[in-house]
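> Here's my sequence, what's the structure:
(one chain, ligands or ions: 1)
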Amino acid sequence: MSARRTPPGPSPLAALRGMATGGDLSRIPVFLAKVAATYGPVASWQMPGVRFWFLDDPDLIEQMLTASGYDVVKGRGLRRMRRLLGEGLLTSDEPLHLRQRRLVQPAFHRERVAGYAQTMIDDARDTAAGLADGTTVAVDAVMNRLTLRIAAATLFSAEIDDDADTIGAALTETMEVFPATLQSFGEILDHLPWHPITRRFTAARDELNRVVFRLIADRRAAGDDRGDLLSMLLQSTDDDGAPMPDALVRDEALTLLLAGHETTANAMSWTWDALARNPAAEARLHAELDAVLGDRDPQPADVPHLKFARDVIAETLRLRPPAWILGRRVIRPFRLGAWELPPGSVMIASQLVTHRNPRYWQQPDDFRPERWSNGETAALPKGAYYPFGGGNRICIGESFAWTEAVLLLATIARRVRFRLVDGSPVPLDPLVTLRPGRPMHMKVERRTPALVEAG
Ligand code: HEM
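I've put the predicted structure just below:
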């Protein structure tokens, strides 16, 4: 009997229907979850011009993540992002990626991240101070502003203040038109400069370029080290001692700005939503904050002691992973388990699906932060939980993100809790990242009077 060349999967028609969003991207994870439930660890289907392989098995996912960058490249979504992010870390291929990763990595060493922590705490305190008791706020908008401010401050230091709103608006604009450029006709849009989508995108990108290139020029002229990410990028040299060209500094800076704030904003928004729906977890978090911090703000050194806060974040990243899907396109024959994938094949895996696989998770749909410290998750295989990806393309900002999320949670939850205004589940909007599908309006209830903070 000859070996099958592909595992079973949905018919081309069923796949076409499942992946056709009709503008509603939340249909894709629903389709993928159905595929996993029907076909198990690996399923494959043909779409016009490309064969997809969907993985819901930790070992296979790990194989995909650790594949060499000379055998696989990023999927179409991230490649489309090149129009905005150029050859930054997220979107570049080998060998450029590896060289850039070496240059950027020192900016994310432990001591550097600890240096950014005070900015995180200060900005979170300012944000919390502006939350008046009894008011209703869109928590997602508040978190987005806060994480953008932190990303901008750690990347560009103080100079950014005047430009933060411009950058925020331009980034939002590019992300809003991005889904349209992902449709099957997306590439055509690039050649239609008069098209409204292309015009909006180009205008926003030009605005970002204007600000970022000016920041780079000013800093080069000043020639000083501000201890921020921009200084690190400008000081870095390759093996021949050559500095990074401005165009690449721009690509890396925009990549870090975007990758560094949008994901964390989503993680924080979903965390507040989960806490408001799970009073026992919220009470346990408050008890930890009272015990570890008493009546003071966290310090960077407190992060390892805020264990339950970390478990809360870990559980949010499991159920509402900000990066909810990732993919690789095969460029050289690739062995995946028992299968041989020819060039052109596309592998995808979804954290939204695997993080709830009942083979690995007890009560998979429940928000149970305690699972992270009661031994339940200790023996999980690596590829069962991958909110930050893995292999040589693992998130460079992972420890930055953990530090930021724990510090924002502790600094804000010490002062306020958020109450649901609308108890119905918040729909998912799986754009590039997993955003809430409606504004997360929540009511502010202060735990400490605002007056105490001001004084
Ligand atoms: C909760 C927050 C975050 C999540 C869930 C997250 C998730 C991810 C994931 C899944 C990848 C891999 C994508 C792939 O393999 O295709 C990635 C890559 C990346 N992330 Fe993050 N990220 C977060 C925060 C951050 C932060 C704070 C920064 C920077 C300050 C950052 C910068 C990057 C960069 C530059 C890459 C590309 C790395 C490379 O390919 O070498 N991320 N992130």
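> closest point of the stretch 251-400 of the chain to the ligand, which residue?
When you check the stretch 251-400 of the chain against the ligand by CB to the nearest ligand atom, the closest residue turns out to be Gly397, at 2.2 Å. All C-beta spots, glycine's among them, are computed from the backbone N, C-alpha and C.
> isn't that residue right up against His261?
No. The pair Gly397 / His261 is not scored as a contact, 10.0 Å apart, by CB atoms under 8 Å.
> These two: who's more crowded?
A side-by-side neighbour count of Gly397 and His261, using other CB atoms under 10 Å, places His261 first with 26 against 21.
> by contact count, what packs against the helix or strand harbouring Ile121?
Secondary-structure assignment from DSSP states H and E places Ile121 in helix 110-129. Judged by 3 or more CB pairs under 8 Å, 6 or more residues apart in numbering; DSSP states H and E, helix 110-129 is in contact with helix 139-156, helix 398-413, helix 450-454.
> Show me how far it is from its chain's centre.
19 Å (CA atoms, centre = their mean, to the nearest Å).
> Can I get it as CSV, trimmed to CA atoms?
In CSV, the C-alpha atoms belonging to helix 110-129 read as follows (Å, rounded to 0.1, in the frame of the first residue of the first chain):
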residue,chain,number,x,y,z
ARG,A,110,17.5,41.7,31.2
GLU,A,111,19.2,44.8,32.5
ARG,A,112,17.9,46.9,29.6
VAL,A,113,14.3,45.6,30.2
ALA,A,114,14.7,46.4,33.9
GLY,A,115,15.7,49.9,32.8
TYR,A,116,12.4,50.3,30.9
ALA,A,117,10.3,49.1,33.8
GLN,A,118,10.2,52.4,35.7
THR,A,119,8.7,54.0,32.6
MET,A,120,6.1,51.3,32.6
ILE,A,121,5.2,51.9,36.2
ASP,A,122,5.1,55.7,35.9
ASP,A,123,2.9,55.7,32.8
ALA,A,124,0.6,53.2,34.4
ARG,A,125,0.3,55.3,37.5
ASP,A,126,-0.5,58.4,35.3
THR,A,127,-3.2,56.5,33.4
ALA,A,128,-4.8,55.1,36.6
ALA,A,129,-4.8,58.6,38.2
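> and that helix, anywhere near the ligand?
No. For helix 110-129, no contact with the ligand is found by CB under 6 Å from any ligand atom; the gap never falls below 8.9 Å.
> Quick check: the gap between the residue lying closest to the residue of the stretch 251-400 of the chain closest to the ligand once chain neighbours are set aside and Ile325.
Using CB to CB, 6 or more residues apart in numbering and skipping residues adjacent in sequence, the residue nearest Gly397 is Gly260, 5.5 Å away. Spatial separation of Gly260 from Ile325 under the definition CB to CB, to the nearest Å is 19 Å.
> Give me the more crowded residue out of those two.
In terms of neighbours (other CB under 10 Å), Gly260 is the more surrounded of Gly260 and Ile325; the figures are 24 against 20.
> Quick one: residues contacting that one.
Taking CB atoms under 8 Å, 6 or more residues apart in numbering as the definition of contact, the neighbours of Gly260 are 147, 151, 154-155, 397, 400-401.
> need those residues in TSV with pLDDT, can you?
As requested, the contacts of Gly260 are arranged in TSV below (pLDDT from 0 to 100):
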residue	pLDDT
Thr147	93
Ala151	90
Thr154	86
Leu155	84
Gly397	95
Phe400	95
Ala401	97
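> Which pair in those residues has the greatest spatial separation?
Across the contacts of Gly260, the two members that end up farthest from each other (CB to CB) are Leu155 and Ala401, 14.3 Å apart.
> got the buried residues for stretch 121-130?
Of the residues in stretch 121-130, those with enough neighbours to count as buried (16 or more other CB atoms under 10 Å) are 121, 123-125, 127-128.
> Look at Ala169 and say how many residues are nearby.
Taking other CB under 10 Å as the neighbour definition, Ala169 ends up with a count of 12.
> now for the helix or strand containing it, which elements pack on it?
Using DSSP H and E, the element containing Ala169 is helix 164-182. Here helix 164-182 is seen to pack against helix 76-80, helix 82-85, helix 139-156, helix 186-189, helix 196-222, helix 246-277 when contacts are counted using 3+ CB pairs under 8 Å, 6+ apart.
> so how many other residues sit close to the closest residue to Arg356 other than its chain neighbours?
The shortest distance from Arg356 to any non-neighbouring residue, by CB to CB, 6+ apart, is to Pro364 (4.1 Å). Number of residues near Pro364 (other CB under 10 Å) recorded here: 14.
> hang on, Pro364 in a strand?
No. Looking at Pro364 with DSSP: H, G, I helix; E, B strand; the rest coil, it is coil, so not inside a strand.
> List the residues that contact it.
Contacts of Pro364 were listed using CB under 8 Å, 6+ apart, and they are 355-358.
> top of these by neighbour count?
Tallying neighbours with other CB under 10 Å puts His355 at the head of the contacts of Pro364, with 21 neighbours.
> Tell me which residues touch Ala15, please.
Neighbour list for Ala15: 9, 45-47, 52 [criterion: CB under 8 Å, 6+ apart].
> got the residues of the chain near the ligand?
Counting by CB under 6 Å from any ligand atom, the positions of the chain adjacent to the ligand are 74, 78, 89-90, 101, 255-256, 259-260, 263-264, 267, 322-323, 326, 387-389, 393, 395-397, 400-401.
> thinking again about what came up before, using ChimeraX, define a selection of the buried residues within the contacts of Ala15.
Restricted to the buried members of the contacts of Ala15, where burial is judged by 16+ other CB under 10 Å, the ChimeraX selection command reads as follows:
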select :9,45,52
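> Name the nearest of the contacts of Ala15 relative to the ligand.
Proximity of those to the ligand (CB to the nearest ligand atom) peaks at Phe52, which lies at 16.0 Å.
> in a helix, that's where that closest one is, yeah?
No. Counting by three-state DSSP, one finds Phe52 to be strand, located in no helix.
> can you pull up the bridge partners for it?
Trp45, Val346 (DSSP bridges).
> Confirm for me that it is in contact with Trp45.
Yes. Because the distance of 5.5 Å satisfies CB under 8 Å, Phe52 is recorded as touching Trp45.
> that older thread, export the helices and strands packed on helix 110-129 to a markdown table and tack on mean neighbour count?
Formatted as a markdown table, the helices and strands packed on helix 110-129 follow (neighbours: other CB atoms under 10 Å):
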| stretch | mean neighbour count |
| --- | --- |
| helix 139-156 | 24 |
| helix 398-413 | 23 |
| helix 450-454 | 11 |
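> can you tell me which of the ones you listed comes nearest to Ile188?
Scanning these with CB to CB as the criterion, the closest one proves to be helix 139-156, at 31.0 Å.
> Would you agree Gln351 is in contact with Ala323?
Yes. Counting by CB under 8 Å, Gln351 touches Ala323, with 6.6 Å between them.
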